[in-house]
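Undergrad: Sequence below, structure please.
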Amino acid sequence: MLFNSYPFLFVFFPAALLVHGLAERLGERARIAAVLAVSLVFYGAWDARFLALLGTSILVNYGIGSLLETATDQGNATKADRLLFAGVGFNLVVLGYFKYAHFLVVNLNAATGTDFVLGAIILPLGISFFTFEQIGYLIDLRRGACYRADLLRFALFVSFFPRLVAGPILRYGEILPQLAAGRPRARDGEDLAVGLTIFAIGLCKKSLFADSIAPCANPVFAAAAAGKPLDMFAAWGGALAYALQLYFDFSGYSDMAIGAARCFHIRFPANFNSPYKAVNIIEFWRRWHMTLSRFLRDYLYIPLGGNRRGPVRRYANLMITMLLGGLWHGANWTFIAWGGLHGLYLMINHGSQALTNRYRPLARLSGGHLARFTAWLVTSIAVVVAWVFFRSPSFAAALVMLRGMAGQFGAVLPQGLASPLSDASWLIRIIGIRFGEGSGTDFVWTWLMVVGLGFVAIAMPNTQQVLASYNPVLDMRGYRPLWSRLTWRPSLAWAVAGGSAAFLGIISIIRVSEFLYWQF
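TA: Sure thing, here's the model as predicted:
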């Protein structure tokens, strides 16, 4: 059941809020049980067969977690380590079978000449996300976290429907205090107003923005996959369109998840903070998919040694972390290449920062407006180049895209633009641009969408800034209203604005359009 679907918007979500409101009058445990029940209905609506997998995962992790917490309290480090190894191993085996078995068999056959065959394996919705969350839960317990979780609360933590299928990636310690009794009822109206506003913004991002620019990207990547040469304008138009589609698609989903959760009086951590405003790759990863970045840092990069063992180990740890982060996104070498590129970017970024900090003239030079703009431009180009691997089904398709972006197949404008640009035809010929086949309307529409949505992503305040006065996410450090007139408050004007965003999002739903991150 998609958030951007009429059954969810007009049947499931209102019914879930009604059930929650009625159960809330019976006490906190009734409220938790009711939200757990509607969450399981939500997951079962996709494929009821996988409810058994979700339930088994919850029970096994809860059982191991209880034993692990007891062993840690008793100071039995050996037993605790064994339990942690068993719990993490169980989660990785389940994830590995459903997500990576075919990938491993195909590559084993290619490397050894064998002919092993696996039957069809359906990837359970959200398995990457709830697996990571439960691994984090077990590691936190081993590190000494005192949760004293009960099964009802833990089951809701794992299966809470707003983020069950595509995040944000939560920590149990963030959610547990919000499931305690004693929450003031006076906040009910505020939570609902804030939550629905955030949800409406997310729906607008997905249905109006992401789905509108997707037709500008999909044909270009399809042509590259078919081996058709792409001129520079087409290749860059498709790559930039996909970068914006992915941003508004996943950012929109995250807003919808955060908004829906707020309607149930639960606040999530932020997942996006205008990542395309970043002036370096380090900053980009502090802004993009923030809960995944946090998970990789705290549960992989730091345990590997982080930056505590010298620059060589630091760079190696960065590369390992990003390679595994790429593999987490999908069982394809293109995702690993995407992670490897970002690992290389981070190594270069950390190295350049160390050099800049060592030489004061470089530090002064890097602080200027021109230097910051150049840094932003270089960062943006690097991110878009990496997205080509993320989107392409194969290295061959990615290579066609990159060759086109580099201008190897020339730069071609549609013949339909020849007449409007006749006065500048001499300049166009001098710089090597030619006119050829293609739709002038499609060309203009693509670049209007790229410029327009690029402006929204780069220049406009993000959701957290708009709702900053009402703490839309758990940690509001670094979020301040950008423009006072665009700061949300409970008023008639903002009610009309939120309703208009919801209306535009709803009427823009013209077909079934899955969120891009649901495949992970």
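
Undergrad: where along the stretch 201-350 of the chain do the helices fall?
TA: With DSSP state H, counting those that start in this stretch as the criterion, the stretch 201-350 of the chain has helices at 211-225, 232-263, 281-287, 290-296, 310-329, 333-358.

Undergrad: which of these sits most buried?
TA: helix 232-263 (a mean of 25; mean count of other C-beta atoms under 10 Å). All C-beta atoms are positioned from the backbone trio N, CA, C, and that covers glycine.

Undergrad: Kindly reformat the helices of the stretch 201-350 of the chain as TSV containing distance to residue 513 and mean pLDDT.
TA: Output for the helices of the stretch 201-350 of the chain, formatted as TSV (distance: least, C-beta to C-beta, whole Å; pLDDT from 0 to 100):
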stretch	distance to residue 513	mean pLDDT
helix 211-225	5	95
helix 232-263	9	96
helix 281-287	25	96
helix 290-296	23	94
helix 310-329	20	93
helix 333-358	22	92
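
Undergrad: looking at those helices, which is closest to residue 123?
TA: When the helices of the stretch 201-350 of the chain are compared by C-beta to C-beta, helix 310-329 sits nearest residue 123, at 12.5 Å.

Undergrad: report the angle between the axes of that closest one and helix 333-358?
TA: Taking axes from the mean of the first three to the mean of the last three C-alpha atoms, to 10 degrees, one finds helix 310-329 and helix 333-358 inclined to each other by 150 degrees.

Undergrad: what does helix 310-329 contact?
TA: For helix 310-329, contacts defined as C-beta atoms under 8 Å, 6 or more residues apart in numbering pick out 100, 128, 132, 292, 296-297, 300-301, 304-307, 335-340, 342-344, 346-347, 350-351, 354, 390, 520.

Undergrad: Distance from the chain centre to it, please.
TA: Taking the mean of its C-alpha atoms, helix 310-329 sits 19 Å from the chain's own mean (C-alpha atoms, centre = their mean, to the nearest Å).

Undergrad: Convert that helix to PDB, retaining C-alpha atoms only.
TA: Extracted C-alpha coordinates of helix 310-329, given in PDB (Å, rounded to 0.1, in the frame of the first residue of the first chain):
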ATOM      1  CA  GLY A 310      46.200   7.200  11.400                       C
ATOM      2  CA  PRO A 311      45.300   8.500   8.000                       C
ATOM      3  CA  VAL A 312      45.900   5.300   6.000                       C
ATOM      4  CA  ARG A 313      43.500   3.300   8.200                       C
ATOM      5  CA  ARG A 314      41.100   6.200   8.200                       C
ATOM      6  CA  TYR A 315      40.900   6.200   4.500                       C
ATOM      7  CA  ALA A 316      40.600   2.400   4.300                       C
ATOM      8  CA  ASN A 317      37.700   2.600   6.800                       C
ATOM      9  CA  LEU A 318      36.000   5.200   4.800                       C
ATOM     10  CA  MET A 319      36.200   3.100   1.700                       C
ATOM     11  CA  ILE A 320      35.100  -0.100   3.400                       C
ATOM     12  CA  THR A 321      32.100   1.800   4.900                       C
ATOM     13  CA  MET A 322      31.000   3.300   1.600                       C
ATOM     14  CA  LEU A 323      31.400   0.100  -0.400                       C
ATOM     15  CA  LEU A 324      29.200  -1.700   2.100                       C
ATOM     16  CA  GLY A 325      26.800   1.200   2.100                       C
ATOM     17  CA  GLY A 326      26.600   0.900  -1.700                       C
ATOM     18  CA  LEU A 327      26.000  -2.800  -1.400                       C
ATOM     19  CA  TRP A 328      23.300  -2.200   1.100                       C
ATOM     20  CA  HIS A 329      21.400  -0.300  -1.500                       C
END
